[in-house]
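Novice: Build me a structure from this.
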Amino acid sequence: MGINTPVTAASLINGGFTSGRYYGGATGNVHSGGVGLSANQLRAVPVYIPKNCVLSGIAIEVTQTGAGTLARLGIYDIIDGVPTNLIVDAGTVAVNSTGTKEASITQPIKAGLYAFCVVANGGFTISGIDTGDGIQVMYTMGKPNLTGNGDKDWWVSHTFGALPSTFGTPGYDNKAIGFGFRV
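Specialist: Numbers count the residues shown, from 1 in each chain. Now for the predicted structure:
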């Protein structure tokens, strides 16, 4: 089962998550070609968690591998419209084969908007959201200017390794990275 497996209406009507299923953080159509990522760029996208829960994993879907490449996943809170404080560094996943790559965590989290992030030691491609879809940073959190008003992610330079305790002053880009989470 991939990240993009649809959730049934019954599970939503019951108001809860179904244990073991993936839930997506953004709405929109999956970008068939994927989103290419480069080494040493910490990238984050807004993900809405609709209710208090305990996350058991966060995941990405690798569509083109990077030989010997590792990706580190994590979650930041969002303050004043930007990723700010590290909530969890979920550790690394190997991205040397295609498919769903999940980092297991046990993280209580309150309902709200969070920044799910990825940084890698090499280039690879993951599923993303079409550039016309997804949560756009400008429309949900605001930006300091109107340049690139369709931006969907934040990024900072960060040498691959443990995630920094604070995200830093981000740049904005149009790489709508697709994340999934489990409860």
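Novice: any low-confidence regions in this protein?
Specialist: Low-confidence segments of the chain, defined by pLDDT under 70, are located at 1-15, 25-33, 129-151.
Novice: so where do the strands sit in it?
Specialist: Counting by DSSP state E, the chain has strands at residues 22-24, 30-37, 41-49, 53-64, 70-79, 82-94, 99-109, 112-120, 124-129, 153-157, 171-173, 180-182.
Novice: Residue 44 versus residue 73, what's the distance?
Specialist: As for residue 73, its distance to residue 44 is 10 Å (criterion: Cβ to Cβ, to the nearest Å). (Each C-beta comes from the backbone N, C-alpha and C, glycine too.)
Novice: Mutual contacts of those two, please.
Specialist: Taking Cβ atoms under 8 Å, 6 or more residues apart in numbering as the contact rule, the neighbours common to residue 73 and residue 44 are 116, 117, 118.
Novice: re the thing from before, please convert the strands of the chain to a markdown table, extending it with distance to residue 163.
Specialist: Putting the strands of the chain into a markdown table (distance: least, Cβ to Cβ, whole Å) gives the following:
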| stretch | distance to residue 163 |
| --- | --- |
| strand 22-24 | 22 |
| strand 30-37 | 15 |
| strand 41-49 | 7 |
| strand 53-64 | 12 |
| strand 70-79 | 5 |
| strand 82-94 | 4 |
| strand 99-109 | 12 |
| strand 112-120 | 7 |
| strand 124-129 | 17 |
| strand 153-157 | 11 |
| strand 171-173 | 17 |
| strand 180-182 | 17 |
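Novice: mind giving me a markdown table with those strands and columns for mean neighbour count?
Specialist: As requested, the strands of the chain are arranged in a markdown table below (neighbours: other Cβ atoms under 10 Å):
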| stretch | mean neighbour count |
| --- | --- |
| strand 22-24 | 21 |
| strand 30-37 | 18 |
| strand 41-49 | 22 |
| strand 53-64 | 20 |
| strand 70-79 | 21 |
| strand 82-94 | 19 |
| strand 99-109 | 16 |
| strand 112-120 | 24 |
| strand 124-129 | 25 |
| strand 153-157 | 22 |
| strand 171-173 | 16 |
| strand 180-182 | 24 |
